[in-house]
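S.K.: Attaching a predicted model along with its sequence, questions to come.
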Amino acid sequence: MTKKNNKKKVLSKKEFCLLIVALLVLVSSLINLIIFNINNSNKVTVYYRTYTKENGWTKWYKNGETSGNKKDEILNIQVKAKTNKKGKIGYRLFNNKNKWSEEYSFGDKLNTNVINGIKIGSTEDIYKKFDVCYRTYNEKNKWLEWTCNGYPSGNKKEKIKAIEIKALKKGSLKYDYLKNYNGSNNESSIDLQEEVKYEE
């Protein structure tokens with residue numbers, strides 16, 4: 001009969017170091033994943049794009065980036081939110097017939113010929129925990145001041161040629177995050193009726 005070899009295999013220094021490195025990488029990846037999920041659970045990312053006759057739809061922009069080239073009239077806008085919070089972001093457009101679109105649209109294409117104003121609102125937890133802020137650009141006034149939560153942006157007599165949108169946590173020092181990095185004339189809307197904030 002042959003004796004079984006009961007010797008336990010001992011890791012070499014090199015194998016031990018590789019095992020430690022692998023464990024550190026695994027722990028680091030798990031920590032990063034947890035942090036990523038925590039950050040994303042407290043965040044609303046607003047995506048938006050604009051349509052012009054000359055160039056069609058732009059790519060999707062987000063978090064205050066400029067959509068629109070400041071030259072061509074914007075004929076349509078789409079806005080949507082990415083978040084795990086309950087609620088939606090919707091918008092109404094003011095057209096060249098001096099009318100607001102009747103209802104908020106949630107990511108749908110709104111048909112209008114000319115856009116002179118926009119109001120962006122939100123519902124449920126997004127509305128309770130975040131301010132959705134935006135501003136518009138027209139040829140006469142350049143960038144108008146930031147406004148938030150369903151108040152109008154635009155000039156009744158001027159066509160919108162660019163837009164920027166952001167979602168900020170309520171209670172944050174809003175205007176620290178809304179720097180006028182493109183200039184402003186201190187008005188958020190001109191001749192557009194200040195209607196009540198939108199919420200559900």
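M.R.: Received, thanks.
S.K.: and the residue minimising distance to the centre of the chain, bridged to which residues?
M.R.: For the chain, the residue nearest the mean C-alpha position is V46 (1.7 Å; CA atoms, centre = their mean). On the basis of DSSP bridges, V46 is bridged to A81.
S.K.: Quick check, pLDDT for it.
M.R.: On pLDDT, V46 comes in at 93.
S.K.: and after the helix or strand of the chain with the lowest mean pLDDT, which helix or strand comes next?
M.R.: One helix or strand of the chain scores below all others by mean pLDDT, DSSP states H and E: helix 174-177, with a mean of 62. Downstream of helix 174-177, the first helix or strand assigned by DSSP states H and E is strand 189-190.
S.K.: Quick one: mean pLDDT over that following strand.
M.R.: Averaged across strand 189-190, pLDDT comes to 86.
S.K.: Quick one: residues in contact with it.
M.R.: Contacts with strand 189-190, where a contact means CB atoms under 8 Å, 6 or more residues apart in numbering, come from G117, N141, L144, T147, Y151, P152, S153, G154, N155, K156, K157, E158. Any C-beta I mention is one placed from the backbone N, CA and C, and that applies to glycine too.
S.K.: roughly how far out does it sit from the chain middle?
M.R.: Put simply, strand 189-190 sits 23 Å off its chain's centre (CA atoms, centre = their mean, to the nearest Å).
S.K.: That strand pairs with which strands?
M.R.: Strand 189-190 has these strand partners (DSSP bridges): strand 153-155 (parallel).
S.K.: what's the closest non-adjacent residue to L168?
M.R.: Nearest residue to L168, sequence neighbours excluded (CB to CB, 6 or more residues apart in numbering): D131, at 4.9 Å.
S.K.: quick one on the thing from earlier: can you add neighbour count and give the contacts of strand 189-190 back as a markdown table?
M.R.: Converted to a markdown table, the contacts of strand 189-190 look like this (neighbours: other CB atoms under 10 Å):
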| residue | neighbour count |
| --- | --- |
| G117 | 24 |
| N141 | 17 |
| L144 | 25 |
| T147 | 23 |
| Y151 | 19 |
| P152 | 25 |
| S153 | 28 |
| G154 | 28 |
| N155 | 22 |
| K156 | 15 |
| K157 | 12 |
| E158 | 20 |
